[in-house]
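# coords please:
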Amino acid sequence: MNNFTNKIRQSMSKSIKRQIFLAASIAVLCGLTLRHAHADEPDISQEKPNVIFIMADDLGWADVGYNGAEFFETPAIDALCKSGMRFDSAYAGAANCMPSRACLMSGMYTPRTKMWQPGKVSKGNPNFMRLLVPNQENREGDGTIPSEGRLDPSVVSLAHTLKKVGYKTMHLGKWHLGNDDLGFDRNDLDGRGAGFKFDHKFYGNEDVAEWLTDAAVEYIADNKDEPFFLYLNHWDVHVPINARQKVVDKYRKKLDSKQWTRDWDPVYAAMIEAVDTSVARVLKAVKQKGISENTVVIFTSDNGGFGGVTWNAPLKGSKGGFYEGGIRVPLCMSWAGAIQPETVCDTPVTFVDFLPTLAELTSAPLPEKQPVDGVSIVPLMLGDQIKERKIFWHYPMYLSGPERVKPIFGTDRMYWRATPCSVVREGDWKLIQFFETGTVELYNIRQDIGETNDLASVHPEKAEALLQALEIWQAETDANIPKTLNPDFSAE
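This next block holds a predicted model:
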């Protein structure tokens, strides 16, 4: 056994003791009978909680009512949060869809999967990229970095993990992880049998949210008597912006009814309502089938809101970038009898935490042959604390588009949503390392959620400590850092 594997197993052994205690606590809360929770000998006969994981696409942190949305309406999502716990410092695994979903499904940070960007290349004018990275003109040239477009089929996924302890598994909706089912018994992109291997896309389809929900409700009814994992991924609210006309008309009237602080998009509002209606129907199905006390329901989004259609204020930036507007997401969980209603958690959590969390909830063994970068947040769900730790992001690419926050190198011309960078958050502090300029920015997120005041020069010791931690993490995860200058770079 090599040292790496030995360290993983030693870490797992320590977690098992805490797992037994916490699993017993959950069992008491839910009136269940706990048999045992050994990770190496799972007991699939014990009653286990169903898991329903609902994810919107590109729904911003500020787009939901419970976070103060002014125009958009999310009564079902708000009710879900009220019935359980909302996480006010929840983060996606990345600032865009594909790598973020890979983090969730694998429990690993992006440097391990090498999944940075849909399409595998940077987006924007290649001549404006100071560093040589995969782009539309130079995909695999000298000096570029690896860039993957799928999650390796050898990865032990969240679905694989839960199936080991007797779960039925179903994925519905957007996938974006390649042509392997990664352990799901059924993988359906539209709820009507669209096979994921054909790479069907349903962006802008005004009916797909209802189709997916129909399939989800049917699945709940068919599997209410045995443990299941339902992973429901909406295509809404990703562009193109389109929704049912009747709902759009409702919001047009609302927009015309008074003076608003912004020119809100009624079509985007109708897409949000489609997701919220889906949440309402899923929750109703759970209640009607009498499985509320044995079902964990989780709602979140894969990344921040898209700057071309919504505003992420008070957060800075948008989808694609690594200021808060790109990576902070809505997250709430409900579990009748276990998670205390109307509770709030402000401890930072991130997508790589879901695999160890759901493994602990279900007494499933953690993967032994791949790293598990997250930690179980079961204690947070039960109102306890977890040990303070650092969470990380890495993005060695460029991304242009709306909500531009970084200039072309050597100029004041704002052009990029993101430039190559790494990010670390620990406690109240967040540091961003920019590879193009060799500079860092430091923010106290609790005091300055909008990241308006760079404190790197005010607190140099804190900046240096976080930078050192970031560089250690980069080495441990084999993070690809672009260093070769682009010979075609020009700011003109």
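
# contacting residues around the spatially closest residue to residue 91 that is not a sequence neighbour?
Ranked by CB to CB, 6 or more residues apart in numbering and with sequence neighbours excluded, the top spatial neighbour of residue 91 is residue 350, at 4.3 Å. Placement of C-beta: from N, CA and C, glycine included. When contacts are counted by CB atoms under 8 Å, 6 or more residues apart in numbering, residue 350 touches 90, 91, 92, 93, 103, 374, 391.

# and what of residue 423?
With contacts taken as CB under 8 Å, 6+ apart, residue 423 has the following neighbours: 322, 327, 392, 393, 394, 430, 431, 432, 433, 470.

# can you rerun that using 10 Å?
Each residue near residue 423 by CB atoms under 10 Å, 6 or more residues apart in numbering is listed here: 91, 95, 322-323, 326-327, 391-395, 430-433, 441, 466, 470.

# circling back to that earlier point, quick check: the gap between the residue nearest to residue 91 and residue 103.
Note on residue 350: its distance to residue 103, by CB to CB, to the nearest Å, is 8 Å.

# in the stretch 101-250 of the chain, what spans have low per-residue confidence?
Counting by pLDDT under 70, the stretch 101-250 of the chain contains low-confidence residues at 139-143, 196-199.

# repeat that for 80
The model of the stretch 101-250 of the chain has pLDDT under 80 over residues 138-143, 195-199.

# all helices of this protein, in order?
Under the criterion DSSP state H, helices of the chain are mapped to 3-30, 75-83, 97-106, 110-113, 158-163, 208-222, 245-256, 266-288, 324-327, 354-362, 378-381, 460-476.

# sorry, back to before: list the residues that are in contact with both of residue 350 and residue 103.
Taking CB under 10 Å, 6+ apart as the criterion, residue 350 and residue 103 both touch 91, 92, 93, 94, 109, 373, 374, 393.

# Give me the subset of the residues you listed lying in strands.
Of the shared contacts of residue 350 and residue 103, the ones assigned to strands by DSSP state E are 91, 393.

# among the shared contacts of residue 350 and residue 103, who's most crowded?
Taking other CB atoms under 10 Å to define a neighbour, the member of the shared contacts of residue 350 and residue 103 with the most is residue 93, carrying 32 neighbours.

# rewinding a little: and which of the shared contacts of residue 350 and residue 103 is nearest to residue 384?
Within the shared contacts of residue 350 and residue 103, distances to residue 384 taken as CB to CB reach their minimum at residue 374, with 17.0 Å.

# Tell me who's in contact with residue 230.
With contact set as CB under 10 Å, 6+ apart, residue 230 has these partners: 50-54, 168-172, 215-216, 219-220, 223, 282, 295, 297.

# try it again with 8 Å
Under the criterion of CB under 8 Å, 6+ apart, the contact partners of residue 230 comprise 50, 51, 52, 53, 170, 172, 216, 219, 220.

# Determine which two of those residues are furthest apart.
In terms of CB to CB, those reach their longest pairwise distance at 50 and 172, which sit 14.8 Å apart.

# before we move on, the earlier item: taking the contacts of residue 230, please make a PyMOL selection of just the buried ones.
Paste this into PyMOL to select the buried members of those, with burial taken from 16 or more other CB atoms under 10 Å:
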select buried, resi 50+51+52+53+170+172+216+219+220
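
# Quick test: name the residue nearest the centre of the protein.
The structure's the chain has its C-alpha centroid closest to residue 92; by CA atoms, centre = their mean the separation is 3.3 Å.

# Does that residue touch residue 305 like I think?
No - Residue 92 lies out of contact with residue 305 (CB atoms under 8 Å); the separation is 11.4 Å.

# Domain map for the protein?
Per the record's domain assignment (automatic domain parsing), the chain is made up of the domains 3-114+150-387, 392-476.

# isn't residue 283 right next to residue 75, touching?
No - Residue 283 lies out of contact with residue 75 (CB under 8 Å); the separation is 11.2 Å.

# Just list the residues touching residue 459, thanks.
Under the criterion of CB under 8 Å, 6+ apart, the neighbours of residue 459 are residue 442.

# what's the distance between it and residue 258?
Looking at residue 459 against residue 258, where the rule is CB to CB, the gap reads 44 Å.

# Next: residue 399.
Using CB to CB, which is the criterion applied here, residue 399 is 36 Å from residue 258.

# who has more neighbours, these two?
residue 399 (22 against 6).

# From residue 264, how far out is the residue nearest to residue 247 when sequence neighbours are not counted?
Closest residue in space to residue 247, ignoring its immediate chain neighbours: residue 270 at 3.9 Å, by CB to CB, 6+ apart. Shown here: residue 270 relative to residue 264, a distance of 11 Å by CB to CB.

# Pull up the overlap in contacts between these two.
Contact criterion CB under 8 Å, 6+ apart; residues shared by residue 270 and residue 264: residue 251.

# who's more crowded, these two?
The residue with more neighbours, out of residue 270 and residue 264 and counting by other CB under 10 Å, is residue 270; that gives 26 against 18.

# The more buried one reaches residue 251, doesn't it?
Yes - counting by CB under 8 Å, residue 270 touches residue 251, with 5.7 Å between them.

# related to what we said a few turns ago, deepest-packed of the helices of the chain, please.
Each of the helices of the chain was scored by mean neighbour count; the highest is helix 324-327, a mean of 30, by mean count of other CB atoms under 10 Å.
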